[in-house]
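Enquirer: could you look at this predicted model? Sequence included:
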Amino acid sequence: MTTTETDLPEDVAALIGQVQYEVAGEFPVERGYIWTSCASVENGNPLFWDDEVAEEITGGPIAPPTMLSVWFRPHHWAPGRTEQALPLQVHFDLKERFGLPEAVMTDNTIVFHEPVRPGDRLRTRQILRSVSAPKTTKLGTGRFWVIDVEYVNQRDELVGVESYTGFGYRREP
């Protein structure tokens, strides 16, 4: 799903591969969230509950890898915020830029790197990887795009990368 320069407007083509929306998480990784998340799905893995087990296996407590995006999700409200914070802003930018009112995510892949630990302060950055030429599917006519969200900790260690494939489209009349 690659594009050629003639498939895209210049302003969109210029964004491919560029870091956008580097954002610091609003709160540190916290054990209460970890335990609440594990309890909600009855995850009794001692790695997340028992400090001795965690020390032996991972050098100390860690968060479940599947919680990676939890630490980035903005709260609905925060003191001083004047605009609603949206995750995956590049996706919404593309919908607006191309005038595509509808969108779905068609694929999501996560690659984990360094473990996330209590006390970590994560940052994310979004990178547009590709935008397709216009396509018509059963949903309508639009474009596919791939966006990576990279997560790093306060030591600038990569802790994970989420890759999203979205399809922004306009329904056929």
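Expert: That came through fine. Numbers count the residues shown, from 1 in each chain.

Enquirer: please identify the buried residues of the one helix or strand L128 maps to?
Expert: Taking DSSP states H and E as the criterion, L128 maps to strand 123-131. By neighbour count with 16 or more other Cβ atoms under 10 Å, strand 123-131 contains the buried residues 123-124, 126-128, 130-131. C-betas here are computed from N, CA, C, even on glycine.

Enquirer: and if you look at stretch 82-89?
Expert: L88.

Enquirer: Q126 against Q18, yeah?
Expert: No: counting by Cβ atoms under 8 Å, Q126 does not reach Q18; the two are 9.5 Å apart.

Enquirer: which residues are in contact with the spatially most central residue of the chain?
Expert: The chain has V149 as the residue nearest its centroid, 4.4 Å off, counting by Cα atoms, centre = their mean. Shown in contact with V149 (Cβ atoms under 8 Å, 6 or more residues apart in numbering): 69, 72, 88, 124-127, 161-164.

Enquirer: of those, which one scores lowest on pLDDT?
Expert: Within the contacts of V149, pLDDT reaches its minimum at F72, with 80.

Enquirer: in which helix or strand would I find the nearest residue to V131 once chain neighbours are set aside?
Expert: Spatially, and ignoring its direct neighbours in sequence, V131 is nearest to W145 (4.7 Å; Cβ to Cβ, 6 or more residues apart in numbering). W145 is part of strand 141-152, with elements assigned from DSSP H and E.

Enquirer: now do the buried residues in the helix or strand just after that strand.
Expert: As assigned by DSSP H and E, the chain's next helix or strand after strand 141-152 is strand 158-170. Of the residues in strand 158-170, 159-169 count as buried by neighbour count, 16+ other Cβ under 10 Å.
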